[in-house]
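J.: Here you go, sequence then predicted model.
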Amino acid sequence: MSAYKTNNKVVAWIEERLPIFSMLQHSAVEYPTPRNLNYWWNFGSLAGFMLVVMILTGVFLVMNYTPNTHMAFESVDRIMRDVNYGWLLRYLHSNGASMFFILVYIHIMRGMYYGSYKAPRELLWWVGIAIYLAMMATGFLGYVLPWGQMSFWGATVITNLFSAIPVVGPHIVTWLWGGFSVGNPTLNRFFSLHYLFPFVIFALVFVHLWALHTVKSNNPLGIDVKSPQDTIPFHPYYTIKDLFGIGVFLMFYLSFVFFAPNFFGEPDNYIPANPMMTPPHIVPEWYYLPFYAILRSIPDKLGGVVAMFSAILVLLFLPWLDSSKVRSGKFRPIFKQLFWLFLADCFVLGWVGAQVPSPNVTLIGRFATVYYFAHFLVILPLLGKFEKARPLPASISAPVLKGGGMAAGAHAQPMEKA
Amino acid sequence: MRKLILPLLAAAFLAGAGSAARAHEGPELLHPGFSFEGVMGRYDPAALKRGFQVFHEVCSNCHSLNRVAYRSLAAIGLTPAQIKSLAAEREIQDGPNDEGQMFMRPGRPSDAYIPPFPNKQAAAAANGGAAPPDLSLMAKARKGGPNYIYSLMLGFEDTPPADVKIPDGKFYNTVFPGHAISMPPPIQDDVVTYADGTKATKEQITRDVVTFLNWAAEPELDERKSLGLEVLAFLAVLTALLYALKRQIWKDVH
Ligand code: HEM
């Protein structure tokens, strides 16, 4: 890092007391980034952008939202009808949640394909999982706020899961509810936590970036940076690339907001919550469906809950379950195929999660559940021992600059003219 | 660019999987094609007015419209004077006054559309035990939305199939879940007379009232889509410029 220099007196004055400019210079301008990152590396900054959008729209929604079971539904409806651009705020927020999850799922899958969880990035990976868990909680809590039928019944079903815990389960549920059913105390605490968690996520994102800037970015080749030739400064190369990514993403996101704002929503949530009337089919938001499928595919309630949480927690062990020393899936011919199979398995689980249970669906769900765990617990530990990886390029700059002279080079040219 | 298509496809697939997953069961709905469908679709002002007339003369005898204020009918072309007299057609309880008494007064433009029954119990009692639901959000609160309401209105049949038993006071309907609905068929040919000379067939009346109900549920639709087109056009240009800039900056890295 070059020492920070400036001719601006005000900047110099601040810098002496709080080295904020040199910090920015260090981590957002000079930050040496592998030169070969492809567009899959855009999704981290996109998720960060989306977090900011959620917090901004959320703060303005709160100004007109009332967390009371008698008024919540009506207050959201008033936001839609009477608040200036209230419909825009709300649709940005509700569709934003789905977008946030799409981005983060792609971001996670990127990490899984390119082996970004492997040493030395284990803690970076862990913080990422913590963010994901906090997002799941935030999305669930937020979905309860409009107090429609799905809000109420979704909250009832999900909180009831805790009753599966032996002995203390029912007490935990009562404690979560603040009463003997989902009611006003539940809505109040969910609202409080829904406001809190995004800021926890924000803090976690800082830790995530801190870890990232310590171990530096992985790259599509999965090999370490070896010389300054392998990197380029973050600014202007990746600032402009990320901005372009945001432009494309905004077009995708806003197409839903403006033209199909209820695409991801359930019609039932436009019916005010009614504790006396159970909807015929209670489904969680789409982003939970694979886990919901795993939950339902275990015939035992406690077993289902354990399996569901294990499905996420198993990700924590991924750095040690994957026995291959090669990071990038690009050089692992068998892993590469199994990666896509695993992804397909997740989609199957998602589909199963949305179905009304039937013997056939349950059977498919069980197979998919077994495969999900087998991927982590059997395939990845063994594969690294048997699979013969293709030769790795000598350095990041070698294949990029030479236009791919080596065996792997032809494929290892991720920065192709986009 | 090729690299971008994949994530977008993946996302679209996810989205598609989500909606396909939700499309379980349910009867076939009619798709009459409404003016407000699609990116370019907007409300047909004449249909909105006719639809309001149908709601006002027919549906509002049983159904409430609690989330639509009289004043907001200005958006479908009613004049302030019309709105005032419309609101005054029904009385609403207010108070207490200075003597501590509740009293009835004519409706005002700032009131929400005054419901036909004082409470849910009264509504249910008058309709064979099933209270007619509020229609403000109906077009968003059923799978299929406007197509569902359209199909429901035209889905009444006098004689149910032999194996279907319809209890007394209920009516056979092909799309209503369970097929036995407590609402008598509300729409027949010429149940209203249109001032603009439109022929009042069953289908026409239904199409109009569904258009109105969709407006009641999504009054922002016209504004939303127009703004959306502007925003997307702007973003398309901005993104193209950003892309050009990106190419320029990355020129010597490739
Ligand atoms: C991690 C970021 C966030 C996520 C994933 C998220 C998710 C959600 C979801 C799924 C809903 C239900 C939307 C609906 O169907 O109407 C919701 C509603 C809501 N959220 Fe958030 N949210 C986030 C951040 C925030 C923040 C920071 C605030 C406040 C400062 C906030 C305030 C609200 C309010 C007031 C509602 C109720 C209004 C409504 O339902 O539209 N949210 N949120």
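T.: That came in fine, so what should we check first? Quantities reported herein were computed from a predicted structural model and do not represent experimental measurements.

J.: Quick test: name the residue nearest the centre of the chain.
T.: Using chain A here. By CA atoms, centre = their mean, chain A has its centre lying nearest to A:V104, at 2.9 Å.

J.: ah, no, chain B please
T.: B:N214 (2.4 Å).

J.: Next one: that one, what pLDDT does it get?
T.: Here the pLDDT value assigned to B:N214 is 98.

J.: Tell me the pLDDT of the residue nearest to it when sequence neighbours are not counted.
T.: Nearest residue to B:N214 in three dimensions, chain neighbours excluded: B:A139, at 4.3 Å (CB to CB, 6 or more residues apart in numbering or on different chains). Bear in mind the C-beta positions are built from the backbone N, C-alpha and C, glycine included. B:A139 is assigned a predicted lDDT (pLDDT) of 98.

J.: just B:A11 next, same as before
T.: On the pLDDT scale, B:A11 gets 50.

J.: is chain A contacted by the longest helix belonging to chain B?
T.: Secondary structure of chain B read by DSSP state H shows that its longest helix is helix B:221-250. Yes: using CB under 8 Å from any CB of the partner chain as the criterion, contacts between helix B:221-250 and chain A involve B:224-225, B:227-229, B:231-232, B:235-236, B:238-239, B:242-243, B:245-246, B:249-250.

J.: Can you give the distance from that helix to the centre of its chain?
T.: On the basis of CA atoms, centre = their mean, to the nearest Å, helix B:221-250 sits 31 Å off its chain's mean C-alpha point.

J.: now for that helix, which elements pack on it?
T.: Applying 3 or more CB pairs under 8 Å, 6 or more residues apart in numbering or on different chains; DSSP states H and E, we find helix B:221-250 packed against helix A:86-113, helix A:234-259.

J.: closest to A:Y372 out of these?
T.: Of all the helices and strands packed on helix B:221-250, helix A:86-113 sits nearest to A:Y372, with 12.8 Å by CB to CB.

J.: After that closest one, which helix or strand is next?
T.: Going down the chain from helix A:86-113, the next helix or strand is helix A:122-144, by DSSP states H and E.

J.: Please tell me how far the residue in chain B that the ligand sits nearest to sits from chain A.
T.: The nearest approach of chain B to the ligand comes at B:K140, 11.6 Å away (CB to the nearest ligand atom). Going from B:K140 to chain A by CB to the nearest CB, to the nearest Å gives 4 Å.

J.: all strands in chain B, in order from the N-terminus.
T.: Along chain B, the segments classed as strands by DSSP state E run B:65-69, B:91-94, B:103-106, B:112-113, B:171-172, B:180-181.

J.: and the third one, how far from the chain's centre?
T.: Spelled out, that is strand B:103-106. Here the centre of strand B:103-106 is set off from its chain's centre by 30 Å, with CA atoms, centre = their mean.

J.: contacting residues around it?
T.: Residues outside strand B:103-106 that contact it (CB atoms under 8 Å, 6 or more residues apart in numbering or on different chains) are B:A87, B:A88, B:E89, B:R90, B:E91, B:I92, B:Q93, B:D94, B:G95, B:N97.

J.: and the fourth one, what pLDDT?
T.: The reference is to B:R90. For B:R90, pLDDT reads 97.

J.: Does it touch B:F117 like I think?
T.: No: using CB atoms under 8 Å, B:R90 is not in contact with B:F117, being 11.3 Å away.

J.: What residues does the stretch 51-200 of chain A have near chain B?
T.: By CB under 8 Å from any CB, the residues of the stretch 51-200 of chain A that approach chain B are A:E74, A:D77, A:M80, A:R81, A:W87, A:L88, A:S98, A:I102, A:Y105, A:I106.

J.: ok, the closest residue to B:V39 other than its chain neighbours - how many residues close by?
T.: Nearest non-adjacent residue to B:V39, counting by CB to CB, 6+ apart: A:F259, 5.4 Å away. Neighbours of A:F259 under the rule other CB atoms under 10 Å in any protein chain shown: 17.

J.: Next up, the contacts around A:F259.
T.: For A:F259, the contact set (CB under 8 Å, 6+ apart) comprises B:V39, B:K225, B:G228.

J.: Write the ChimeraX selection for whichever of those are buried.
T.: Selection of the buried residues among these in ChimeraX, burial being defined by 16 or more other CB atoms under 10 Å in any protein chain shown:
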select /B:225,228
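
J.: and which of the contacts of A:F259 is nearest to A:A398?
T.: Of all the contacts of A:F259, B:G228 has the smallest distance to A:A398: 47.0 Å, by CB to CB.
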